[in-house]
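**Student:** Here is a sequence together with a model predicted from it:
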Amino acid sequence: MVLALIISACTGGGTESAGDDQPTGGDGDLSGSISVVHAWAGAEGEAFQSVVDGFTDANAGVEVDLVQVPFDDLNSQMIQQFAAGSPPDVVSTLPGLIHSLAAQDLLLPLDDVWDDWVEGGEYSEAFRTIASHEETAYGVFFKGNINGLIWHRNDTIEELGVSVPEDWDAFTSSLDEIAADGTYAPFAVGAADVWVPTQWSDAFLARTAGPEVFNGLIDGSVGWDDPAVVDAFTQLSDFIEGYWPDDALDVGFTDANCAWASQGAAVFQNQGAFVNLTTPANCGEELDPETDYTFFEMPAPNPEFSDVHFVSGDLFSVAKATDNPDAATAFARYLGSAEAQAIWAELGGFIAPNATTDPSVYPTENDRKAAELFTSGTAVYDLDDAIGGEIQSVEREELASLIGSGDVDAFIQAMVDVSERVRSE
Amino acid sequence: MAGTARQREGGGIAYLFILPAVLVFTLFYLWPALNTILSSLFTWSILAPWQLADPETWRFAGLDNYAEVLTDGRFWNAAFNTAIWLVLFPILATLLSMVLAIGVWEVGRAARAFRTVLVLPMTVSLTAAGVLWVLVFNPDFGVLPAALGVFGLDGATIDLGPLHLRLSDWLSNPGTLELGFATVNLVNLSAIMPAIWALTGFGVISFTAGLTAISPELIEAARVEGANRFQVARHVIVPQLRAATIIVAVVFVIYALRTFDVVWVTTQGGPGTDSEVVAILLWREALAFFDSPSAGQATAIAVLLSAVMVIGAYPYLRSLLREAPE
Amino acid sequence: MTGVRRFLGGIWWIYALLIVFSILWLIPVMTVLMTAFRPLGEIRDGWWNLGGASFTLDNFIGAWTEADLGSKAINSAIITAFSVAATVAVGSLAAYAFVRLRFSGRGLLYFLLISTMIVPVQIILIPLLPWFRTLGFAEGTWQPFLGMVLVHTAFGLGWAVFMMGSFMAGVPKELTEAGQIDGAGHWGIFSRIILPLALPGIVSFAIIDFVFVWNDLLLGLTLLDADHAPLTVGIANLQSAHLAQQDVISAGALLAILPPLVLFVALNRYYVRGLFSGGVK
């Protein structure tokens, strides 16, 4: 057909559909091409490219086609591509998405890989569970992150005479002082990006209501109207009213980050460990993670839960429909390895979930501190990423409304409604 | 032998002419449309789609999807935002394009340049229009906040009764209008403005066509009686444009009901669901809510939306049919 | 009339109105030009500050490579070119049949076709995903393009038949009668008489269809994967990354705007005529 000839001539420069080549087993003998979808842009995108280069250097026969999609749309775009039957070979996933895709038998099981890892002490069973759906592992951990970190510039807190608070009350009274002083805003918040408010809500939930309630919300055993949950969100709402800037919903993550970092407009920022990389990269190379800024973990509103850490992580899964399962699985295994993770860890803002990673790869004290927290205490995984789907979507939207209205009851009611609807199907 | 009676023949040749169209149309329009309607009666997820040929995928839901949609607060929120579009967009765009078209027509010779400028944005996709206007709204280098700043109005709030206008945060919270039974989120305007910019050109062209059809005698007559330019416009020209007005208004109404692109790139329906319109909710129900099989609800929304549009535009549909080439 | 009256009733108000609106209308275009061709650092305080203005093509390079807008533009070009060609081909044949021929089901088919001008694309959108899969259009180098072309053609047939039909109906009967006397069959009349005479209308429709398909977002967003996505999807994705990369976004938007804009400027006459016929008698 003439149409086909012309089109294939025009798109000859693009990627071919994977599978034209015959892949063979064994490292170094892999060939063909695989498409990999991820959601990192800017400095993080470049960091990921370095990791990928590590793979292609060792496996010269494999061509990796990287595709970046916006994080906010990752879920729906992946669903669309899996539904269309032409998914990428390797895709960035979160537990919620893994559950939905695995339930439809769309992902390749990775138990072999995990068996090796658990045996070799590289990952614990707890991690395996997060990456699994109904006892079978479908994802690998690549990038670890810890949230609920209160970042601050050293010069700013020195100037204001604020010291690292030991507990919640000390924290709030420092904030009151800062707010009263008026020179700086207490916090910079980039709530225009829908995932930013969840950094806050999960931190409050984890360290006010505790891990049992937190995990109960994920599996549905705890309702959103549970008193502990309501209390956590009430505290969050009061906090927002007291210390958040008015334009939080209009400003995105990068703009807020840079406002905090280079313009020094605000004292604190509640963000994840990745800030250590994104700040100098996006806001100004003259900012030095070693000396200019650091963090303390947000004090627990409920001191009983002060060693509960709210972590998140990016996983990768392999599509069952892949034409090149050998190379795709090898790539996934590579991503979960200490070797791959060390590449990004050295660049900063990255916590390696692989326990055998050499701790000396972390370039700054900030990264080392974060990595330590990641593996200590009790970890709970990012709530809305763990659930996914409509509940995640509604939570993000309702949080935006909560920020504007301060109406905790409306928020709780909306979450109860959507939970009931979704979980009853 | 050849006469007008033989102008239109039936028979084999007709079918050959019509065949490609019928094939394409049936396979890629009629069948999917039918599928949408039928599948709205079942529960299914986009990852495990309902298929007519495969009864194993059938989970009959009857009218449950419609019931769920029509009792869902989020749907009515989306419907309300769409209603805001319905009210504001056609009225503003029709009015503006009529005024501008008449203005251009009055000016005569220099008309070409003005009309070109006004019509130019029609070539720009609504997506690109949205992207451009996000730049205009930008707090740092956007023209709108800067222009307001010149008058010291940037960031000012205006409270006039039920209207609470904040001249800032255009893409998240420019204010609200309390209507008692509901609150109008003015952030919808931030998506409506690019649409007006992009589509007014269509109205200008349509009205210009209508204007050239007005007989000059009518205008002369009015002028002779001492009417000035504006009186002539109001009492003679506008009534003559009735046919064009209807067409323009209907086209704009149809657009308002199905708008997706411009909202998607400006506010994504946010913040929260403040500017979420029906088309966006539909997309989300189908693709984003993967934790529950809500594709049936998405198709139900599609059917409802189409029904509203067909019923609402029925007079227009009839007039189009009457213009069928005979 | 006195001088004041003449002034008040005069044309100057109208000129003022038109000038104001023309300026307003051009602001978004100026914004994107300035943001695309200048480094982001320069325009942070407002692109109207022209002191020290510099010209750069870096943003375009960024948009082209980072967001892969180059290949997306090619995708858009492929989809649009073939869709318009197919719609014109299939649509003109069908229009001729409606205008000049009699066949059963004519009324019903016409009604269905016209209804596509009103009904939103969502009525066919969702089932198209699994339908593409069934038809084998979901993967491969050229199959997704073929699927998109067919969908766009199906969706554009209503307008095609309506617009081209009305132009064809305008061809004087004497000419077609003359053709019949000369022994030409319907194909002959169609190709040698109707097509050439209705050509302006066909060109007008082609331009409108071009703009419509080039600017489509929903169908491209829902049915195509990253390799085959059109330019509109590329820009929408850039926009929602929220990464304050307005310079790259602007460059990308400019790339997306240019082809239909150029087409419009070059073929202004046909574009406007086509809209006339579609809207008003």
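**Tutor:** Sure thing, it's come through.
**Student:** Burial check on whatever residue of the stretch 51-200 of chain B ends up closest to chain C, number of neighbours?
**Tutor:** The minimum distance from the stretch 51-200 of chain B to chain C, using Cβ to the nearest Cβ, falls at B:S125 (3.1 Å). All C-beta atoms are positioned from the backbone trio N, CA, C, and that covers glycine. A count of nearby residues for B:S125, using other Cβ atoms under 10 Å in any protein chain shown, gives 27.
**Student:** what about it, distance to C:W13?
**Tutor:** The span separating B:S125 from C:W13 equals 34 Å under the rule Cβ to Cβ, to the nearest Å.
**Student:** hmm, back to that, torsion angles phi and psi at the residue of the stretch 51-200 of chain B closest to chain C?
**Tutor:** Per-residue torsions, B:S125: phi -70, psi 150 (degrees, to the nearest 10).
**Student:** do A:D65 as well
**Tutor:** Dihedral pair for A:D65: phi -100, psi 110, per degrees, to the nearest 10.
**Student:** Report the contact partners of the most centrally placed residue in chain B.
**Tutor:** Centrality entry for chain B: nearest residue to the mean C-alpha point is B:Y255, 1.5 Å, by Cα atoms, centre = their mean. B:Y255 makes contact with B:F89, B:A195, B:L199, according to Cβ atoms under 8 Å, 6 or more residues apart in numbering or on different chains.
**Student:** Just the residues you listed: which are in helices?
**Tutor:** Members of the contacts of B:Y255 lying in helices (criterion: DSSP state H): B:F89, B:A195, B:L199.
**Student:** so can I have TSV of those residues showing distance to chain A?
**Tutor:** As requested, the ones in helices among the contacts of B:Y255 are arranged in TSV below (distance: Cβ to the nearest Cβ, whole Å):
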residue	distance to chain A
B:F89	24
B:A195	21
B:L199	26
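**Student:** quick one: which of these is most hemmed in?
**Tutor:** B:A195 (26 neighbours).
**Student:** Spatially, what comes nearest to residue 193 if we skip its sequence neighbours?
**Tutor:** Just going to use chain A. A:F253 (4.4 Å; Cβ to Cβ, 6 or more residues apart in numbering or on different chains).
**Student:** Chain B was what I was after
**Tutor:** Leaving aside its chain neighbours, B:M193 sits nearest to B:W133 (6.3 Å; criterion: Cβ to Cβ, 6+ apart).
**Student:** count of neighbours near the one you found?
**Tutor:** If we define neighbours as other Cβ under 10 Å, then B:W133 has 28 of them.
**Student:** Against C:A253, how distant is C:I27?
**Tutor:** C:I27 sits 14 Å away from C:A253, going by Cβ to Cβ.
**Student:** More neighbours: which of these two?
**Tutor:** With neighbours defined as other Cβ under 10 Å, C:I27 and C:A253 compare such that C:A253 has more, 33 against 18.
**Student:** The helix or strand where the more buried one lies and chain A in contact?
**Tutor:** C:A253 belongs to helix C:246-266 when assigned by DSSP states H and E. No - with Cβ under 8 Å from any Cβ of the partner chain as the measure, helix C:246-266 is seen stopping short of chain A, the closest distance being 10.2 Å.
**Student:** buried set for that helix?
**Tutor:** Under the neighbour-count criterion of 16 or more other Cβ atoms under 10 Å in any protein chain shown, helix C:246-266 has C:246-257, C:259-261, C:263-264 buried.
**Student:** Against which helices or strands is that helix packed?
**Tutor:** The contact analysis (3 or more Cβ pairs under 8 Å, 6 or more residues apart in numbering or on different chains; DSSP states H and E) places helix C:246-266 against helix B:126-137, helix C:12-37, helix C:58-66, helix C:69-100, helix C:195-214, helix C:231-239.
**Student:** elements contacting the first one?
**Tutor:** Judged by 3+ Cβ pairs under 8 Å, 6+ apart, the packing partners of helix B:126-137 are helix B:143-150, helix B:187-212, helix B:261-266, helix C:12-37, helix C:231-239, helix C:246-266.
**Student:** Only C-alpha atoms, please: export the fifth one in PDB.
**Tutor:** Translated: helix C:231-239. Presented in PDB, the C-alpha positions along helix C:231-239 are these (Å, rounded to 0.1, in the frame of the first residue of the first chain):
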ATOM      1  CA  LEU C 231       2.100  18.100  17.700                       C
ATOM      2  CA  THR C 232      -0.900  19.300  19.700                       C
ATOM      3  CA  VAL C 233      -0.400  16.400  22.200                       C
ATOM      4  CA  GLY C 234       3.300  17.300  22.400                       C
ATOM      5  CA  ILE C 235       2.500  20.800  23.400                       C
ATOM      6  CA  ALA C 236      -0.200  19.800  25.800                       C
ATOM      7  CA  ASN C 237       2.300  17.500  27.500                       C
ATOM      8  CA  LEU C 238       4.900  20.200  27.600                       C
ATOM      9  CA  GLN C 239       2.400  22.600  29.200                       C
END
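**Student:** what angle separates it from helix C:195-214?
**Tutor:** Per axes from the mean of the first three to the mean of the last three Cα atoms, to 10 degrees, the angle that helix C:231-239 makes with helix C:195-214 is 20 degrees.
**Student:** Please apply the same query to the fourth one.
**Tutor:** Angle, helix C:12-37 to helix C:195-214, by the same axes, to 10 degrees: 60 degrees.
**Student:** can helix C:12-37 be found next to chain A?
**Tutor:** No - for helix C:12-37, no contact with chain A is found by Cβ under 8 Å from any Cβ; the gap never falls below 15.8 Å.
**Student:** what does the helix or strand following that helix rub up against?
**Tutor:** The first helix or strand that comes after helix C:12-37 along the chain, using DSSP H and E, is helix C:40-43. For helix C:40-43, contacts defined as Cβ under 8 Å, 6+ apart pick out B:F141, C:M34, C:T35, C:N49, C:G52, C:A53, C:S54, C:N59, C:Q245, C:Q246, C:D247.
**Student:** May I see those arranged in JSON lines, with distance to A:S174 and pLDDT as well?
**Tutor:** Formatted as JSON lines, the contacts of helix C:40-43 follow (distance: Cβ to Cβ, whole Å; pLDDT from 0 to 100):
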{"residue": "B:F141", "distance to A:S174": "35", "pLDDT": "80"}
{"residue": "C:M34", "distance to A:S174": "43", "pLDDT": "83"}
{"residue": "C:T35", "distance to A:S174": "40", "pLDDT": "84"}
{"residue": "C:N49", "distance to A:S174": "40", "pLDDT": "70"}
{"residue": "C:G52", "distance to A:S174": "43", "pLDDT": "65"}
{"residue": "C:A53", "distance to A:S174": "45", "pLDDT": "71"}
{"residue": "C:S54", "distance to A:S174": "45", "pLDDT": "77"}
{"residue": "C:N59", "distance to A:S174": "42", "pLDDT": "80"}
{"residue": "C:Q245", "distance to A:S174": "35", "pLDDT": "74"}
{"residue": "C:Q246", "distance to A:S174": "36", "pLDDT": "78"}
{"residue": "C:D247", "distance to A:S174": "38", "pLDDT": "80"}
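**Student:** Quick check on those: which are buried?
**Tutor:** Listed as buried from the contacts of helix C:40-43 are B:F141, C:M34, C:T35, C:N59, C:Q245, C:Q246, C:D247; burial here means 16+ other Cβ under 10 Å.
**Student:** Not counting sequence-adjacent ones, nearest residue to the third one?
**Tutor:** This means C:T35. Spatial nearest neighbour of C:T35, excluding adjacent residues (Cβ to Cβ, 6+ apart): C:S250 at 3.8 Å.
**Student:** ok, for C:A160, nearest residue in space, not its chain neighbours?
**Tutor:** C:G91 (2.8 Å).
**Student:** what do you get for A:N276?
**Tutor:** In space, A:N276 is closest to A:G349, 4.1 Å off (Cβ to Cβ, 6+ apart).
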